[in-house]
Structure formats: structure tokens, C-alpha cells
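Asker: just the structure for this:
(one chain, ligands or ions: 1)
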Amino acid sequence: MTDAAPKNLIGLSRDELVAEMATFGAQPFRARQLWHWIYHRGAIDFAAMTTLAKDFRAELAERYVLARPDVSRAQVSNDGTRKWLLRFADNQEAECVHIPEDDRGTLCVSSQVGCTLTCKFCHTGTQKLVRNLEPGEIVGQVMAARDALGEWPSPKDDRQLTNIVMMGMGEPLYNYDNVFKAVKIMMDGEGLSVSKRKITLSTAGVVPMIERCGAELGVNLAVSLHAVSNEKRDVLVPINKKYPIEQLLDACRSYPGVSNARRITFEYVMLKDVNDSPEEAHELVRLLDGIHAKINLIPFNAWPGAPYECSSNNAIQRFGDIVNAAGYASPVRRPRGRDILAACGQLKSESVKLRRSERDKLEAPV
Ligand code: SAH
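Answerer: Numbers count the residues shown, from 1 in each chain. From the prediction side, this is the model:
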């Protein structure tokens, strides 16, 4: 016997759960019952699993836990957006945001602690990658949100959490295997049951993984484009040096399941006098020719020390009108949760600041 901490069952695939149960002789149907309790009912305690035999429950409780990340801080914006700072077993932290709207509620999920991409306008990009999140830590964000929203068992309709976007901290396609496993669990109809049509994965453009994502997950794709020339995009989104615009758009052209009813979203952050000219709007239209696309214009969310400013409302309007006149929907993303630094590109910033100031306090001479 070892004193190892009990294993967390959250994040195991269906097959892995079956295999795990087999290690102590439990039949596959047990794994299925367990799956239902974990992901449909949201049980945190084996004792509550009343359809399972008592001795089986006791056996499970001895060996396993159903651990979600701890909520180390919960904030609510004056617009109803909620942000949770979640702490994992090794004390690393990532953020998760719930954005309620009239007809939906979207959960923005992180895939990494920090990020390797160093996009110039993104605050997360100024922070080093600490590590990839495990499948259980990714799906654990959804479970923690359901806990906080009181949404168990997984409701059929009238949900507060209807949509999931992999748009939090990190580049999901640089942590593909773990994201794949987590998203499979999110989509499972006997569990969390969020349809692939309601899940969007956002990438800065890891071209070789886009195809796999389409073939294996079939979720909606969002692409952080942000510039229409390689010269500019090399600076704003440096992964462009590896996978330039032409390659990225080719991958989008062949992304499966894209149609007029199911478009690829192109995210375009509006940076004053950097990428917001009418000429660039026209160039964008030219580039997207032949792709079923929607362009999401994101007003730049500033952060302390950011080297850019947000475009004026006029410039955003003008840019959007040109794109729109060419037949592409071009909604302006209304910033949500700015007051609690929960908006795009602001994640983690405050917690890092806080920790730094805490550290300063500790190190200050008395
Ligand atoms: N790495 C993935 C996931 C991050 S998604 C990706 O790049 O797509 C976060 C979205 O917010 C991206 O489109 C990102 O480019 C955008 N973003 C980052 N910083 C921002 C900021 N300060 N203001 C507005 N949008 C920002």
C-alpha cells in the first residue's frame, strides 16, 4: 500500500473509466452508472450515489475522489458576468468566466496556465506558460461553474450555461490531446451534454491541428486573425511567422461542416491606427472570399502598460460597415465584465498583480 492521494475520476474518458473500474473487478455497467452520477447529476460524494450498491460506494470512496478545482476567488461584474479564479491541486491557477445573455449563457474556459504565444495586445501573452491543463482540470471548470450556478442535474432546457468557448487563457491547439479529451466529455449526451454546435474552439492559428480538430471534434472554429498582412500579423500574432495567413485560410476553407448556417468566426481586435483602416477592411473581405465566415470585431481591452489603444467607435463602425456591405455579419463584441478584468485578453492579470503585491508585502523590510 502507498499513501498516494486518492485518484480523481473527473477527466477520465468513458473507456478509461471502464478500465479503472476493471482494476478492482467492477463491471462496465458500473462505469456507466458512475458516469451518470458524475457528469449528469454532478455528484461530489460517492455516498450520494443511491443507485449504486452500498459496498461498491464504500469501495469507490476509499480509492477515488471527484475533485473540481477550488474556487479561490469569485467575482460578479455589474453586468452579471462572473469570473472564477480556480486553483488546481498544485496551486496553479487559471480563470473561467460566465457571460449571461438574454438567449444564452456562455462559459469561457482556459486550456493552459499562461500562454506561449506572446500576442502583443494580449495580457495573458505577457505571462509565461506555466503548464498545460489536464483534461480533468479543463472539464472541471465546467463542473465548477455548474456547481456555482446550481445547474445539476444537467438541465435539458432553460440552462444558464448553454455554450462553451475555449477562449480563456492559453492556446487550446497547443494542448490538443487534453482539450480533445475534455471536450469529448463535455459533449457526452449522458453527461454534461453540451452539443458540439454550442462549443467553439478559438485558435491563433496552429494550422496542422485545425484539420484534426475539425475531423475529430467537429466543434465550431474561431480564428484570431487580427491583421490582414503577414507583415503586421507577424508582429501582433507571432505564430503567424510559422503559419502565415494563406496557410491559415486554406485550413479554414477545408474545415469540415462549415456552411452558411455554421460559419467560421474570425476574431479581429480593433487597435487604433494599427489595423483599423478602411483599406484593411476591404483587404479582409478579399481574403475571406469563399469562406463561410462571420467577423467578430473586438474592441481592444486595455490593460496596465498595454502598447495599444482601442480604435474609436467611428473607426470600428466604418470597418464593420465595409465588411458588412460585402455580405459578412460583423458584430462588435460588447466587452463584458471589464470592471472585474474578465474581458478578452485580461484574464489572470489581476491575480498575478495581486500575488506580486502580496509577495512585495512579504518581502518588504519591517
Ligand atoms: N489562444 C486562443 C485563445 C484565446 S481567445 C486564440 O488566440 O484564439 C481570446 C481572444 O481574445 C482572442 O481572439 C484574442 O486574440 C483576443 N484578445 C486577447 N487580448 C485581447 C485584448 N486585450 N482585447 C481584446 N481582445 C483580446
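
Asker: which parts of the stretch 201-350 of the chain sit against the ligand?
Answerer: 202-204, 224, 267, 269, 298, 300-301, 344-345 (CB under 6 Å from any ligand atom). All C-beta atoms are positioned from the backbone trio N, CA, C, and that covers glycine.

Asker: ok, which stretches of the protein are strands?
Answerer: With strands called from DSSP state E, the chain shows them at 7-8, 64-65, 70-76, 82-87, 93-100, 105-108, 112-113, 131-132, 163-166, 199-203, 220-224, 264-270, 293-299.

Asker: direction included, what does the second one pair up with?
Answerer: In other words, strand 64-65. Using DSSP bridges, the strands paired with strand 64-65 in its sheet are strand 7-8 (parallel).

Asker: pLDDT score assigned to the closest residue to Val228 other than its chain neighbours?
Answerer: Counting by CB to CB, 6 or more residues apart in numbering, Val228 lies nearest to Glu283, which is 4.3 Å off, once chain neighbours are set aside. Looking at Glu283, its pLDDT reads 98.

Asker: got the phi and psi for Asp273?
Answerer: Note on Asp273: its backbone torsions stand at phi 60, psi 20 [degrees, to the nearest 10].

Asker: revised request: answer the last question for Asn260.
Answerer: Dihedral angles for Asn260 - degrees, to the nearest 10 - are phi -60, psi -30.

Asker: let me see the ranges of the helices in the stretch 251-366 of the chain.
Answerer: Using DSSP state H, counting those that start in this stretch, the helices of the stretch 251-366 of the chain run over 278-287, 313-325, 349-363.

Asker: how about Gly191: what's its closest non-neighbour residue?
Answerer: Among residues not flanking Gly191 along the chain, Tyr39 sits closest, at 2.8 Å (CB to CB, 6+ apart).

Asker: next: Val207.
Answerer: According to CB to CB, 6+ apart, the nearest residue to Val207 is Tyr243 (4.1 Å).

Asker: pull up the per-residue confidence for the one you found.
Answerer: Reported pLDDT for Tyr243: 98.

Asker: wait, it touches Gly205, no?
Answerer: Yes: using CB atoms under 8 Å, Tyr243 is in contact with Gly205, at 5.2 Å.

Asker: between the two, which one's more packed in?
Answerer: The neighbour comparison of Tyr243 against Gly205 (other CB atoms under 10 Å) goes to Gly205, with 26 against 17.

Asker: these two touch, right, that one and Leu236?
Answerer: No: if you go by CB under 8 Å, Gly205 and Leu236 don't touch, sitting 11.6 Å apart.

Asker: I'd assumed Gly42 was in contact with Arg146.
Answerer: Yes: the pair Arg146 and Gly42 passes the contact test of CB under 8 Å, sitting 5.9 Å apart.

Asker: mutual contacts of the two, please.
Answerer: Jointly contacting Arg146 and Gly42 under the rule CB atoms under 8 Å, 6 or more residues apart in numbering are 152, 154.

Asker: from the middle of its chain, how far away would stretch 73-90 be?
Answerer: On the basis of CA atoms, centre = their mean, to the nearest Å, stretch 73-90 sits 14 Å off its chain's mean C-alpha point.

Asker: restricting to C-alpha, output that stretch in PDB.
Answerer: Written as PDB, here are the backbone C-alpha positions of stretch 73-90 (Å, rounded to 0.1, in the frame of the first residue of the first chain):
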ATOM      1  CA  ARG A  73     -11.900  33.900  -5.800                       C
ATOM      2  CA  ALA A  74     -15.400  34.500  -7.200                       C
ATOM      3  CA  GLN A  75     -16.400  37.900  -8.700                       C
ATOM      4  CA  VAL A  76     -19.500  39.200 -10.200                       C
ATOM      5  CA  SER A  77     -19.400  42.200 -12.600                       C
ATOM      6  CA  ASN A  78     -22.100  44.800 -12.600                       C
ATOM      7  CA  ASP A  79     -23.300  43.400 -16.000                       C
ATOM      8  CA  GLY A  80     -23.800  39.900 -14.500                       C
ATOM      9  CA  THR A  81     -20.600  38.400 -15.800                       C
ATOM     10  CA  ARG A  82     -19.000  36.100 -13.300                       C
ATOM     11  CA  LYS A  83     -15.300  35.300 -13.000                       C
ATOM     12  CA  TRP A  84     -13.800  32.500 -11.000                       C
ATOM     13  CA  LEU A  85     -10.200  32.200 -10.200                       C
ATOM     14  CA  LEU A  86      -9.700  28.400  -9.900                       C
ATOM     15  CA  ARG A  87      -6.900  26.700  -8.100                       C
ATOM     16  CA  PHE A  88      -5.700  23.300  -9.100                       C
ATOM     17  CA  ALA A  89      -4.100  20.600  -6.900                       C
ATOM     18  CA  ASP A  90      -0.500  22.000  -7.400                       C
END
